[in-house]
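Enquirer: sequence-free structure coming up:
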């Protein structure tokens, strides 16, 4: 039989580990500093809008659906009341191989002006990952088929399940031969596609 001291020491160890590993011990507890899902979505869409407003000549795009991803406690695997709210914006404008680096440089400057810090940069398969002081993550990535997308995500407080956010389905996409949405750029631009 364990003594009270052994139980107390074990409890202190668990609480200390949870505190240093970012775990929530209270199911549904959530972080009070996180915004609601609606406020998080406003932040996500605002960063997407602002990012593309800084690119000249203007680019055309389609919005993907807004999505929530439920976070789970690493000990209990129960929902901890926190979500990641995100959306991807897929460029319709074809970006030529010679202009991809320029586009990433413009986006990088724009994000830094808005307080984001560049955390990762890959020149081989052009991509950038940045983070703001509020934990908002923004990424631009060039896919294998030349598609370019910008994704933004931020944490929120919610007890809802993972999945697309109702009423925030985004734009219609053409259908690929696989039946999935086709994200291939379909518009040429005199500057960006040359």
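Expert: Looks like it came in fine. Quick caveat, the model's predicted, so the values are computed rather than measured.
Enquirer: Low-confidence ranges, the chain, go.
Expert: Residue ranges of the chain with pLDDT under 70: 1-32.
Enquirer: Can you show me the helices along the protein?
Expert: 4-21, 37-53, 97-113 (DSSP state H).
Enquirer: residue nearest the centroid of this structure?
Expert: residue 153 (2.7 Å; CA atoms, centre = their mean).
Enquirer: Tell me who's in contact with that one.
Expert: Going by CB atoms under 8 Å, 6 or more residues apart in numbering, residue 153 touches 44, 84-87, 136-137. Quick note: C-beta positions are derived from backbone N, CA and C, even for glycine.
Enquirer: What of residue 113?
Expert: residue 54.
Enquirer: go on, residue 45?
Expert: Here residue 45 is in contact with residue 87 (CB under 8 Å, 6+ apart).
Enquirer: and the gap between it and residue 159?
Expert: 23 Å (CB to CB, to the nearest Å).
Enquirer: still on that earlier bit, give me the nearest residue to the residue nearest to the centre of the chain, chain neighbours excluded.
Expert: residue 86 (3.4 Å; CB to CB, 6 or more residues apart in numbering).
Enquirer: Show me the beta-bridge partners of the one you found.
Expert: residue 67, residue 153 (DSSP bridges).
Enquirer: For it, grab the count of nearby residues.
Expert: Using other CB atoms under 10 Å, residue 86 has 21 other residues around it.
Enquirer: Then the one 4 residues further on?
Expert: Counted by other CB under 10 Å, the residues lying close to residue 90 total 22.
Enquirer: can I assume it is in contact with residue 64?
Expert: Yes: using CB atoms under 8 Å, residue 90 is in contact with residue 64, at 6.3 Å.
Enquirer: list the residues that contact both of the two?
Expert: In contact with both residue 90 and residue 64: residue 149, using CB under 8 Å, 6+ apart.
Enquirer: I'd like the distance between residue 123 and residue 187.
Expert: From residue 123 to residue 187 the distance is 26 Å (CB to CB).
Enquirer: Counting neighbours, go ahead and name the busier of those two.
Expert: More neighbours surround residue 187 than the other of residue 123 and residue 187, with 13 against 10 (other CB under 10 Å).
Enquirer: Report how many residues lie close to the nearest residue to residue 69 once chain neighbours are set aside.
Expert: Excluding its sequence neighbours, the residue lying closest to residue 69 (CB to CB, 6+ apart) is residue 84, at 4.4 Å. Counted by other CB under 10 Å, the residues lying close to residue 84 total 17.
Enquirer: Likewise for residue 72?
Expert: Based on other CB under 10 Å, the number of other residues close to residue 72 is 15.
Enquirer: before we move on, what about the one 10 residues further on?
Expert: By other CB under 10 Å, 21 other residues sit near residue 82.
Enquirer: Next: residue 59.
Expert: 20.
Enquirer: Assess the claim that it and residue 192 are in contact.
Expert: Yes: using CB under 8 Å, residue 59 makes contact with residue 192 at a distance of 6.8 Å.
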